[in-house]
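[1] build me a model from this:
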Amino acid sequence: MNRDERFYAFIVSTTSRSRSYARRFYVHKRWVKASALVVTFLCCAAAYGVYGLTQQALHLRIEEENSRLRQENERQRQQLQKLENRVDAIEDASRRLSEQAGVPADGQQEQQQPQAEEGNSPHGAGGPALDAASVELLEMRAARLEMDLQVYEAALKEKARIPSIWPVEGESTDSFGYRGNPFGGGGSEFHPGQDIAAPPGTPVIAPADGTVIEAGWKNGYGQTVVLDHGNGLTTRYGHLSKVEVGLGQELKRGEELGLVGSTGRSTGPHLHYEVRLGDLPVSPLHYLPER
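    Residues are numbered from 1 along each chain as shown. You can find the predicted model right below:
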C-alpha cells in the first residue's frame, strides 16, 4: 500500500487490563509546519517580551541610581559650600583675633584642593564632582583654624590682663625710683610707683582685667584698691577719695574703681599707681603707653 507523503501519521495506543487498542491520526504536513511556525513565533514574541520587560526594569533602576547620585552630589556640594563658608568665617575671625592679641598668624600655605588632570580619556566620565579627600581637607583645615582661634583667644585674654592704659587722665609728677622727701626735712626716699596729679573726684579706671583683692584703707596709701591680674602681676591705686569696688569683684579694662583724692600720706590730690611682679614694685612706665 502506497503511503501518502502529504500527511504525518500519529498512533496513540491505550492499554488496560481487559483490552488494548490503538488509534491512528493523520495530520497534513502543512498544518504541522504552520503549527511549528506559530509556536516558534510565539516563543520569539515571549522571549522579546521578557527581554523588553527586563530592559525596562534595568532602565528604571539606572534612572533611580542616577537620581540618587544627583541628590548625593547636591548634598555633597552643599556640605562643601558650608565647610568653605565656615573656613572663611574662621579665617576672618582668626586674623582679627591675631591682630588684637599681637600673635603672628599661622603662615603656612593654604592647602590646595585636589584637582583632576586634564586629558581625553577614552572611558566614560561623570558622577559626583566632589570626593571625600576634598571634604576631609576642608574639615582638617577648619579644625586647625579653630585651634588657632583658641590660641588667639587665650592670648587676647592674657593680653587683656596686662596693664596697658593710663588709669587716670592727669599730669605725671613723681616717677618710679628715688626722689627727694616731699614732706621736707631733706634726704631721699624710694618711690615705688607713678604719681598722676588730677582734680579730686576724677574717675580712676582699671588699666587691665583683674580681681579686687584689697579695697579700703592701707597705711601710707590711704583709701586703696589692689587688683590681681594673674601670673603674680598686681596693681595698686592709692590716695583715693572713694573706693567704688568690693573684694572679689571682677573688673574689665576701662571700668571705674574709684575717685582721685588725697587720703593717706599725700601732699595733694593725685593717684599713686603701682605695678608689682611677685610683690616687687616695677616701673609702671614699662606698661604705660606714651602720651
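[2] tell me how far the longest helix anywhere in the chain lies from the chain's centre.
    Ranked by residue count under DSSP state H, the longest helix found in the chain is helix 29-101. Distance of helix 29-101 from its chain centroid, counting by C-alpha atoms, centre = their mean, to the nearest Å, is 35 Å.
[3] next, count neighbours for Thr234.
    Neighbour count for Thr234, taken as other C-beta atoms under 10 Å: 21. C-beta here means a position set from N, CA and C on the backbone, and glycine is covered the same way.
[4] so what does it have for phi and psi?
    Phi and psi for Thr234, reported as degrees, to the nearest 10, are phi -130, psi 160.
[5] relative to Leu271, how far out is it?
    16 Å (C-beta to C-beta, to the nearest Å).
[6] circling back: give the other helices and strands that the longest helix of the chain contacts.
    strand 7-15, helix 132-160 (3 or more C-beta pairs under 8 Å, 6 or more residues apart in numbering; DSSP states H and E).
[7] please report how far the closest residue to Lys218 other than its chain neighbours lies from Glu244.
    When the adjacent residues along the chain are set aside, Lys218 lies closest to Thr224, with 4.1 Å between them (C-beta to C-beta, 6 or more residues apart in numbering). Separation of Thr224 from Glu244 (C-beta to C-beta) stands at 13 Å.
[8] the residue nearest to Lys218 in helix, strand or coil?
    Under the three-state scheme (DSSP: H, G, I helix; E, B strand; the rest coil), Thr224 adopts strand.
[9] isn't it up against Tyr237?
    Yes: counting by C-beta atoms under 8 Å, Thr224 touches Tyr237, with 6.4 Å between them.
[10] okay, these two: which has more neighbours?
    Applying other C-beta under 10 Å to Thr224 and Tyr237 shows that Tyr237 carries more neighbours, namely 29 against 23.
[11] looks to me like the more buried one is in a strand.
    Yes: the assignment for Tyr237 is a strand, going by three-state DSSP.
[12] and it, what does it touch?
    167, 204, 224-227, 257-258, 271-273 (C-beta atoms under 8 Å, 6 or more residues apart in numbering).
[13] out of these, which is nearest to Gln78?
    Nearest to Gln78 among the contacts of Tyr237 is Leu227, at 50.1 Å by C-beta to C-beta.
[14] beta partners of the closest residue to the closest one other than its chain neighbours?
    Spatially, and ignoring its direct neighbours in sequence, Leu227 is nearest to Gly210 (3.5 Å; C-beta to C-beta, 6+ apart). Under the criterion DSSP bridges, Gly210 forms beta bridges with Leu251.
[15] correct me, but Gly210 touches Asp228?
    Yes: under the contact definition of C-beta under 8 Å, Gly210 touches Asp228, with a separation of 5.7 Å.
[16] hey, what's in contact with both of these two?
    Joint contacts of Gly210 and Asp228 (C-beta under 8 Å, 6+ apart) are Thr234.
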